[in-house]
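**Q** Just to be clear, the model below is a prediction. Sequence and coordinates:
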2 protein chains.
Amino acid sequence: MDASATVTTRYTDLNPPPRILLGPGPSMVHPRVLRAMAAPPIGHLDPQFIEIMNEIQALLRMVFQSEEALTIPVSGTGSAGMEAALANFIEEGDPVLICVNGYFGERLTDMARRYGADVSRVEVAWGEVFTAQQVEEALQARPAKIVAIVHAETSTGALQPLDEIAEVAHRHGALLLVDAVTSLGGVPVRFDEVGIDIAYSGTQKCLSAPPGLAPIALSPRAVEVLKSRKSTVKNWYLDLTMVFKYWGAERTYHHTAPINMNYALREALRLVLEEGLEARFERHRRNAEMLWDGLAALDLMPVVPLEHRLPSLTTVYIPEGLDEAALRRRLLNEYNIEVAGGLGAFAGRVWRIGLMGYSSRPENVVTLLGALERILG
Amino acid sequence: MDASATVTTRYTDLNPPPRILLGPGPSMVHPRVLRAMAAPPIGHLDPQFIEIMNEIQALLRMVFQSEEALTIPVSGTGSAGMEAALANFIEEGDPVLICVNGYFGERLTDMARRYGADVSRVEVAWGEVFTAQQVEEALQARPAKIVAIVHAETSTGALQPLDEIAEVAHRHGALLLVDAVTSLGGVPVRFDEVGIDIAYSGTQKCLSAPPGLAPIALSPRAVEVLKSRKSTVKNWYLDLTMVFKYWGAERTYHHTAPINMNYALREALRLVLEEGLEARFERHRRNAEMLWDGLAALDLMPVVPLEHRLPSLTTVYIPEGLDEAALRRRLLNEYNIEVAGGLGAFAGRVWRIGLMGYSSRPENVVTLLGALERILG
């Protein structure tokens, strides 16, 4: 057998199983997005690609619900968006207040410290949300340059109200930094109306493009703070002062943009806006309610009270005595359904069920409920 | 007109032009790779994806020509690979020797300083390569923890011999860090045989997958150095001590891998190995020679002497008095051919012509030469 035959025998044609993705992301991807992604790449400085970049920026602004935010897709997954948000706004010793009510608040803390932030934390139990008063008291005790908070905690399924907290942050002279990874495109982010200064997301959640890009949005105030940095950003790849020269008027080469991922994102954003933001939010809400009703009928108890429950990601407590990993294996192996276990403090205690973007469809809800009924019943 | 129609009218179907990509990357992508990439994503912790990850690691080792290197694709473009290589091995104040003979040597310097390296530089003119003696003298004058050098300078088209420099670096107790962005898959990298400790590349050059991943390889010695770090890596997203827990036996979630980009890389690596490394290197060489002959016939003078000329990227001087940007615009607009201008010191002085991976085909060479003849003639 020649070398070529050996390779193809040992490494067969790619043949991923037809999963129904109902975990915390990646979500399922619409065929139109997959087709757009498979168009042959063109150069990252090609005038035609620059046109595509301009379109993506305009579409992103609409999805962030902002008129004037500076938006780009950072060339990495959601965590790279989080790191870009922190690395570009923290200088050595800067005081940063981080609201921690789940795994991604912890991650914000870890990252912020790597960039030399002087971090203070305000904490509530996992699954709960913060009141504006809690943030106010924390800022009274210790002022901060940035208040960082997670809009939609992917580890708990809690949806954080932001309006009053934005008002408090601004009154104390702080920038509001928001993790919108699991909210953008699934629940309203209202960037301008809330008064967010820095928000980031990922393509593989409610936008339903494959993972690989992290949309970020900056308010004019945030851009001013970025421009007035005294020190060099301590991360080259994510240095927005340089990246913006590529995405801005200069078109100066920084790094090669992930061309086909941008094709995918553009098509995913078109789908979001063709559906219409309000209709899309309503769909996420409606399918989530269908799921919640079905889970209740199976005696599966939700972690987050209805008032703050996220439509795009639901956590439920695992029934006493159940081998939860075995159940998830059966869902995957027998029904091709992916749901996730818990992270960190919630490991072994909860399941996480996502209904994001193209995954948020009634047929997926009934498939999951039917499979759960057969396995649990 | 409703909102949906407005969106599709304003943002029409994606329709990138059929470019012949003969610049410094991205290169053209084989249809099999585009098809593989368009498979629906599965979860980043799905056992089937973990199998794909294992396969990619094995295939990458073969392409790096290594038996025991630890290899993964970093979740960003080539520059993220460069930053991962530096960020993970530099601790505050570490002495690093950087060999600078082009734009990417400068970038290595910029990045290394952001991580607190005490950088010393050895320099030769753009387009030239280093002798082992020059590196030896630099290390005698000032020892270093890392010697960083570019194997294939994408800004100049020079191919750096590495064997003797590896020997010198090791004799002085330094790790050899190699930029293989424009060499991997196009010219031999010979990771083990040379004795490289840290090498990184990009998917969009001679591997001919779309941009978005950066393969990195570490020798056992480099892994030991990484494990014995005293301080936290100052970059969260690229922190290999955490990333390796996802790509290693633990499978601990770090960040969501770019699933479809990994599909694409796997197929691109299969294509490389089906062709066979030696046959592929020979093809790159043969098509480059055809290009060089044709450029000589057009009186276009190469920058790099034949001995150190890179088959995957050729630089030629721009003839006196020519509006080079206008020529490139005509190539693009009339013939759909992309070639690139110069970077940094070479801006306005050279063209860069890439024949990488799936772009390295005789039909592309004759197309370019024919178009150049018509425009210049």
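**A** Great, that's in hand.
**Q** Report the residue spans of chain A with pLDDT below the cut-off.
**A** For chain A, the stretches flagged by pLDDT under 70 are A:1-3.
**Q** Helices along that one, start to end?
**A** Using DSSP state H, the helices found in chain A span residues A:3-10, A:31-37, A:47-64, A:78-87, A:103-114, A:132-141, A:163-171, A:191-194, A:220-227, A:240-247, A:259-275, A:277-297, A:324-335, A:362-376.
**Q** so of the ones you listed, which one's packed in deepest?
**A** Most buried of those, by mean neighbour count (mean count of other CB atoms under 10 Å in any protein chain shown): helix A:78-87, with a mean of 28. The C-beta positions use only the backbone N, C-alpha and C, and glycine is treated the same way.
**Q** Now look at that one and say if it contacts chain B.
**A** Yes - Helix A:78-87 is in contact with chain B by CB under 8 Å from any CB of the partner chain, via A:Gly78, A:Ser79, A:Ala80, A:Glu83.
**Q** again with stretch A:323-337
**A** Yes - judged by CB under 8 Å from any CB, stretch A:323-337 comes into contact with chain B at A:Leu332.
**Q** Show me how far that stretch is from its chain's centre.
**A** Put simply, stretch A:323-337 sits 25 Å off its chain's centre (CA atoms, centre = their mean, to the nearest Å).
**Q** For A:Ala345, which non-adjacent residue is closest in space?
**A** A:Trp126 (5.4 Å; CB to CB, 6 or more residues apart in numbering or on different chains).
**Q** quick one, domains of chain A?
**A** Using automatic domain parsing, the domain parsing of chain A gives A:20-27+A:277-376, A:31-273.
**Q** Surely the residue nearest to A:Ala345 and A:Gly342 touch.
**A** No - counting by CB atoms under 8 Å, A:Trp126 does not reach A:Gly342; the two are 9.2 Å apart.
**Q** Number of residues surrounding the nearest residue to A:Arg19 once chain neighbours are set aside?
**A** Nearest non-adjacent residue to A:Arg19, counting by CB to CB, 6+ apart: B:Ile42, 4.8 Å away. Look at B:Ile42: counted by other CB atoms under 10 Å in any protein chain shown, it has 24 neighbours.
**Q** which residues touch the residue lying closest to A:Arg352 once chain neighbours are set aside?
**A** Nearest residue to A:Arg352, sequence neighbours excluded (CB to CB, 6+ apart): A:Ala340, at 4.3 Å. Neighbouring residues of A:Ala340 by CB atoms under 8 Å, 6 or more residues apart in numbering or on different chains: A:Gly23, A:Pro24, A:Arg328, A:Trp351, A:Arg352, A:Ile353, A:Gly354, B:Gly43, B:Leu45.
**Q** Just the buried residues from the residues you listed, in ChimeraX please.
**A** Only the buried entries of the contacts of A:Ala340 go into this ChimeraX selection, using 16 or more other CB atoms under 10 Å in any protein chain shown:
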select /A:23,24,328,351,352,353,354 /B:43,45
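**Q** could I get the contacts of A:Ala340 as CSV with distance to B:Cys99?
**A** Output for the contacts of A:Ala340, formatted as CSV (distance: CB to CB, whole Å):
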residue, distance to B:Cys99
A:Gly23, 46
A:Pro24, 44
A:Arg328, 51
A:Trp351, 53
A:Arg352, 48
A:Ile353, 53
A:Gly354, 48
B:Gly43, 42
B:Leu45, 40
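**Q** Now, the contacts of A:Ala340 that are in strands?
**A** Assignment to strands by DSSP state E places the following of the contacts of A:Ala340 there: A:Trp351, A:Arg352, A:Ile353, A:Gly354.
**Q** quick one: which of those is nearest chain B?
**A** Using CB to the nearest CB, A:Gly354 comes nearest to chain B of the ones in strands among the contacts of A:Ala340, at 10.3 Å.
**Q** Settle this for me: that closest one is touching A:Ile20, isn't it.
**A** No - taking CB under 8 Å as the definition, A:Gly354 is not a contact partner of A:Ile20, at 10.9 Å.
**Q** For the closest residue to chain B within the stretch 101-250 of chain A, the count of nearby residues, please.
**A** Relative to chain B, the nearest point of the stretch 101-250 of chain A is A:Gly212 (3.6 Å; CB to the nearest CB). When neighbours are counted by other CB under 10 Å, A:Gly212 registers 35.
**Q** residues touching the residue sitting nearest the centre point of chain A, list them.
**A** Centroid-nearest residue in chain A: A:Val181, 1.5 Å away (criterion: CA atoms, centre = their mean). Residues in contact with A:Val181 (CB under 8 Å, 6+ apart) are A:Gly25, A:Gly78, A:Gly81, A:Met82, A:Phe104, A:Ala152, A:Thr154, A:Tyr200, A:Ser201, A:Gly202, A:Lys205.
**Q** so the fifth one makes contact with A:Asp179?
**A** Yes - contact between A:Phe104 and A:Asp179 holds when scored by CB under 8 Å: they sit 5.8 Å apart.
**Q** on that earlier part again, separation between the residue nearest to A:Ala345 and A:Val304?
**A** To A:Val304, A:Trp126 is 10 Å away according to CB to CB, to the nearest Å.
**Q** what about these two, which has more around it?
**A** A count of neighbours by other CB under 10 Å puts A:Trp126 above the other of A:Trp126 and A:Val304, at 25 against 21.
**Q** list the contacts for the more buried one?
**A** Residues near A:Trp126 by CB under 8 Å, 6+ apart: A:Asn101, A:Gly102, A:Glu153, A:Ser155, A:Thr156, A:Gly344, A:Ala345, A:Phe346.
**Q** My read is that the first one contacts A:Gln134, right?
**A** Same thing as A:Asn101. No - A:Asn101 lies out of contact with A:Gln134 (CB under 8 Å); the separation is 10.3 Å.
**Q** what residues are shared contacts of A:Trp126 and A:Gly342?
**A** A:Ser155.
**Q** before we move on, back to that, biggest separation within the residues of helix A:78-87 next to chain B, which pair?
**A** Within the residues of helix A:78-87 next to chain B, two members stand farthest from each other by CB to CB: A:Gly78 and A:Glu83, at 9.8 Å.
**Q** shared neighbours of these two, anything?
**A** Joint contacts of A:Gly78 and A:Glu83 (CB under 8 Å, 6+ apart) do not exist.
**Q** Now do the contacts for A:Leu159.
**A** Neighbour list for A:Leu159: A:Val129, A:His151, A:Ala152, A:Ser183, A:Val187, A:Val304, A:His308, A:Arg309, A:Leu310, A:Pro311 [criterion: CB under 8 Å, 6+ apart].
**Q** Next, format these as a markdown table and append distance to chain B.
**A** Output for the contacts of A:Leu159, formatted as a markdown table (distance: CB to the nearest CB, whole Å):
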| residue | distance to chain B |
| --- | --- |
| A:Val129 | 24 |
| A:His151 | 18 |
| A:Ala152 | 15 |
| A:Ser183 | 16 |
| A:Val187 | 19 |
| A:Val304 | 21 |
| A:His308 | 24 |
| A:Arg309 | 23 |
| A:Leu310 | 18 |
| A:Pro311 | 20 |
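**Q** For those residues, give me TSV that also has distance to B:Asp94.
**A** Formatted as TSV, those follow (distance: CB to CB, whole Å):
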residue	distance to B:Asp94
A:Val129	43
A:His151	39
A:Ala152	40
A:Ser183	41
A:Val187	45
A:Val304	46
A:His308	47
A:Arg309	49
A:Leu310	44
A:Pro311	48
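**Q** quick one: contacts for A:Thr367?
**A** A:Ile20, A:Tyr335, A:Ile337.
**Q** What parts of the stretch 151-300 of chain A come near chain B?
**A** So the stretch 151-300 of chain A meets chain B at A:202, A:204, A:210-212, A:232-238, A:253-261, A:263-264, A:266-267, A:270, A:273-276 (CB under 8 Å from any CB).
**Q** Correct me if wrong: A:Met62 contacts A:Leu273.
**A** Yes - at 5.9 Å, A:Met62 counts as touching A:Leu273 under the criterion of CB under 8 Å.
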